[in-house]
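Chemist: what's the 3D shape of this:
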Amino acid sequence: MPTATRSAPVRQRIIEAVLHLIRRDGVAAVTNRLIAEEAGVSLGSVTYHFATQHELLREALLHFARDESRRFTALSEEYTGADTTGGEVLTGRGGDGAAPACGDIATFALYVEAGRDERLRPAAAEAFTAYDRLAARILAGLGVPDPEPHAAAAVALVMGLHLRRLATGSPEEALVDAVLLLARGAAVPAGECGAALGGPAAALPGP
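Modeler: Numbers count the residues shown, from 1 in each chain. Reported below is the predicted structural model:
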């Protein structure tokens, strides 16, 4: 583990170790002993900071939500309104090209676990609320009127494409293109949607 990580508070190191193990081996493979080894702490430290695995998973999910919210807020504040960069901002890709947490395989594993364990669902709901709020802000910057109703669809599209990318190894460029397609369609009146998207409806004669 990097020195910078080892210098972090024990609780933070444990959470990061959990996320690393989920990313590498899945939720089912996470044990307190493996967590202790990965974090470089004693087994007793794990159980001292987190009494149950449910608490560990909940904190890991909240960690994602907080980091994601901070990242998306920073990206939206840096957004200049240029159409060519709007998709990159909405998919969480900054100038450094780093993938956002929502595109991390550990995120999907935690959300699937929330589907199995209802005690994790409030934490998952908090994460999605942050996604929706920030997506609405960025869609507004892309010129989408009344963006709130479209935010959940934008989040679903981004996460679905991230999942497809992880499962198939498809190029990340498809993420940005698809998000811009959605934003452009949402930014124009319904009757003009086909023309704005450049789809088949653009070639159809009027009534």
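Chemist: ok, Ala154 to His63 distance?
Modeler: 23 Å (CB to CB, to the nearest Å). All C-beta atoms are positioned from the backbone trio N, CA, C, and that covers glycine.
Chemist: who has more neighbours, those two?
Modeler: Neighbours were tallied for Ala154 and for His63 using other CB atoms under 10 Å; the higher tally belongs to Ala154 (26 against 19).
Chemist: Buried ones in the helix or strand hosting that one, by neighbour count?
Modeler: According to DSSP states H and E, Ala154 maps onto helix 148-168. Within helix 148-168, the residues that count as buried by 16 or more other CB atoms under 10 Å are 150-151, 154-155, 157-159, 161-162, 165.
Chemist: Show me which of these is closest to Val144.
Modeler: His150 (5.9 Å; CB to CB).
Chemist: these two touch, right, the closest one and Arg137?
Modeler: No: His150 is beyond contact range of Arg137, at 11.9 Å (criterion: CB atoms under 8 Å).
Chemist: any idea which helix is longest in this structure?
Modeler: helix 53-78 (DSSP state H).
Chemist: which helices and strands does that helix pack with?
Modeler: helix 10-25, helix 83-90, helix 105-116, helix 121-141 (3 or more CB pairs under 8 Å, 6 or more residues apart in numbering; DSSP states H and E).
Chemist: before we move on, the earlier item: next, the angle from the helix holding Ala154 to helix 121-141.
Modeler: 110 degrees (axes from the mean of the first three to the mean of the last three CA atoms, to 10 degrees).
Chemist: Next, the angle from helix 148-168 to helix 105-116.
Modeler: 110 degrees.
Chemist: and Val112, how many residues sit next to it?
Modeler: Going by other CB under 10 Å, the residues that sit close to Val112 add up to 12.
Chemist: now it, nearest residue through space, not along the chain?
Modeler: Sequence neighbours aside, Val27 is the residue nearest to Val112 in space, at 7.8 Å (criterion: CB to CB, 6 or more residues apart in numbering).
Chemist: Distance check, the one you found against Val155.
Modeler: For Val27 relative to Val155 (CB to CB), the value is 22 Å.
Chemist: How about Thr47?
Modeler: 35 Å.
Chemist: Got the domain ranges for this protein?
Modeler: Per automatic domain parsing, the domain ranges recorded for the chain read 1-51, 62-192.
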